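Novice: Structure for the following, please:
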Amino acid sequence: MCVPWATFIEVYPSPMARPSPAVEHILRRAGFGATPEERDQYARYTVPSAIASLLTTDLLKSDIDSKIGTPGYLGITVTAAFSPNTVINDARQRWLFRMVHSATPLVEKMTLFWHHHFATAYSKIQGTYPAADATRMMATKRSTDSTGMRGQIELLREFALGNFRQLLVEIAQDPAMLVWLDGRLNVRNKPQENFGRELMELFTFGVENYRETDVYAAARVFTGWNLRITGTQGTPGVTYAFVYNANQHDPDPKEFSFPVYPDGSTRIPARAATAGMQDGLDLIAGLAIHPETAKRLARRLWTWFVSEVDAPEASFVENISKVYLDNDTEMKPVIRAVLMSPQFIDKKRFYQRYSWPVEFVVRSLKEVGPVGFSANNAMTPLANMGQQLFEPPDVNGWELGPGWFSTGGMLARMNFASTLTQNQRFILRDQARAEWSGGTAEALLSFVLERLSLQTPAEPVRAALINYINAGGQFTGTETQLLNKTAGLFHLLTGSGDYQLV
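Specialist: Alright, predicted model coming up:
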């Protein structure tokens, strides 16, 4: 029996299974929103089970990369063979694809977080080495590279929920970072200060906790942590890898103004140059477990997951710092504690974060639909919004919060919403028709609102949307009306100010 649309709406307010508001909040913050299929899945989850599911990383073994270029997924556009290991635009498309389709969205979300935290720009690498080599240093997937190189983003993905101390060691030895912060040039007779400074200022405990004398000491610690190039640059067989050059290491003691060792000692002792790599490992370990590093990470996680409107609560910082230190800098327990915290799940925190451009684009693709759309078509809009993957503007990363929303940036978001919804208009029409057998303007609006994870519109806004649906003639659900009005509603709502909050 065919149930009239209006009757169905009246009896069953939600035609699609929908997660609780708290679970939807988790999906926006710990992921990038959800597709209709994912929302149906998570409709059966409690808050703890949703968090447990997102923290599961075993699914990484099921590689979503194998779906790139297949029907039913976000498309890609290439001029030759798709080569994300050597072509930076292909690497950007690959990462966007993963954000949209990965079964472990929290891993991709934390990879993005670390990309900002350890901000490294492809442009400087490419200005130093051939473009294909620079892409490999930034993005290459080890299992698909002939030499087994691992790009920085793959490193961040591997350690997305891993041990922070070990991540610091890996970052210090990462070829892209060795170029970005000039570690490749750090030698005994001319210590290079960039990495040591940023290790303390940006990567760990912050600028207020060290002195300029510590910067020079840190530079000496990392003398000899250089880059080895094997093979001919610009050829597929060339490799870039960390190398410890003992003959370029300063073996003398290094004194700091803060404790380096658990016993409170501030002095890294003199060592033979052959054993001098331990200097860097000691400094990294001391910084990783410093109480101020724990607090700084807690505050950053507050901004990333909880709120950009309210200042971090002292109880939150204290609790997350304790979890971090009690778990030997392992990040999975830390993220679990963040997501389970009363501050995170508090309803007043919903929609208190400003969506990064890439978050906005991925959420739109997941909730409006990606099929038939190319990841490449998001690259220029993303740049116009103020964010290009693999290209943070400087060592501080991107300007966050309201800084995303320049006039041009907001216009770019609205234009992207228009482009995407026009691309998806026939699919959206068919989905609307399949969900309902006929109905009213109110029913169509309810259908669209059910698909989008945004705040319930205020009554004047809802009335204006109903007026839009009825403009040009009373809405009766004809094919033309469904085609134009369904896409139009998705455009208006995804391009709205409310949709820019997550």
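
Novice: contacts for the helix or strand containing Q343?
Specialist: Using DSSP states H and E, the element containing Q343 is helix 342-345. Outside of helix 342-345, the residues within contact range by CB atoms under 8 Å, 6 or more residues apart in numbering are 22, 25, 29, 47, 302, 305-307, 313, 315-316, 338-339, 349. Every C-beta, even on glycine, is put in place using the N, C-alpha and C of the backbone.

Novice: Kindly recompute the last result at 10 Å.
Specialist: If you take CB atoms under 10 Å, 6 or more residues apart in numbering as the criterion, helix 342-345 is touched by 22, 25-26, 29-30, 47, 51, 301-302, 305-307, 310, 312-313, 315-316, 319-320, 337-339, 349.

Novice: just checking, next helix/strand downstream of that helix?
Specialist: Going down the chain from helix 342-345, the next helix or strand is helix 357-368, by DSSP H and E.

Novice: per-residue confidence averaged over the following helix or strand past that next one?
Specialist: Using DSSP H and E, the helix or strand that follows helix 357-368 towards the C-terminus is helix 379-385. When pLDDT is averaged along helix 379-385, the result is 98.

Novice: List the buried residues in helix 379-385.
Specialist: Buried residues in helix 379-385, defined by neighbour count with 16 or more other CB atoms under 10 Å: M379, P381, L382, N384, M385.

Novice: Look up how far T79 lies from the spatially closest residue to the second one that is not a sequence neighbour.
Specialist: Closest residue to P381 apart from its sequence neighbours, by CB to CB, 6 or more residues apart in numbering: F416 at 4.3 Å. Distance, F416 to T79, using CB to CB, to the nearest Å: 23 Å.

Novice: between the two, which one's more packed in?
Specialist: Counting neighbours by other CB atoms under 10 Å for F416 and for T79 shows that F416 has the greater number, 24 against 8.

Novice: surely the more buried one meets N384?
Specialist: Yes: in this structure, F416 is within contact of N384 by CB atoms under 10 Å, at 8.5 Å.

Novice: who touches both of those two?
Specialist: Shared contacts of F416 and N384, defined by CB under 10 Å, 6+ apart, comprise P357.

Novice: Quick check: buried residues in stretch 220-229?
Specialist: R220, V221, F222, T223, G224, W225, N226, L227.

Novice: can you check stretch 309-322 too?
Specialist: Neighbour counts using 16+ other CB under 10 Å place P312, F316, V317, N319, I320, S321 of stretch 309-322 among the buried residues.

Novice: got the phi/psi numbers for the last one?
Specialist: Yep, that's S321 we're talking about. Dihedral angles of S321 (phi, psi; degrees, to the nearest 10) stand at phi -60, psi -40.

Novice: and the gap between it and D214?
Specialist: Using CB to CB, S321 is found at 22 Å from D214.

Novice: now do the second one
Specialist: Computed with CB to CB, the distance linking F316 and D214 is 29 Å.

Novice: elements contacting the host helix or strand of A219?
Specialist: Applying DSSP H and E as the criterion places A219 in helix 212-221. If contacts are counted by 3 or more CB pairs under 10 Å, 6 or more residues apart in numbering; DSSP states H and E, helix 212-221 sits against helix 194-198, strand 254-255, strand 267-268, helix 277-288.

Novice: Can you lay out those as a markdown table showing mean neighbour count?
Specialist: Shown next, in a markdown table, are the helices and strands packed on helix 212-221 (neighbours: other CB atoms under 10 Å):
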| stretch | mean neighbour count |
| --- | --- |
| helix 194-198 | 22 |
| strand 254-255 | 16 |
| strand 267-268 | 18 |
| helix 277-288 | 21 |
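
Novice: Which among those is found nearest to L400?
Specialist: helix 194-198 (18.0 Å; CB to CB).

Novice: Of all the residues in stretch 406-421, which ones are buried?
Specialist: G409, A412, R413, F416, A417, S418, L420, T421.

Novice: Just the ones of the residues you listed in helices?
Specialist: The helices, defined by DSSP state H, take in G409, A412, R413, F416, A417, S418, L420, T421 from the buried residues of stretch 406-421.

Novice: what about the last one, distance to N163?
Specialist: Summarising the geometry, the distance separating T421 from N163, computed by CB to CB, is 42 Å.

Novice: which residue packs closest to the residue nearest the centre of the chain, ignoring adjacent ones?
Specialist: For the chain, the residue nearest the mean C-alpha position is L112 (2.4 Å; CA atoms, centre = their mean). Excluding the flanking residues, the one nearest L112 by CB to CB, 6+ apart is V358, at 6.8 Å.

Novice: The one you found - how many residues pack around it?
Specialist: Using other CB under 10 Å, V358 has 22 neighbouring residues.
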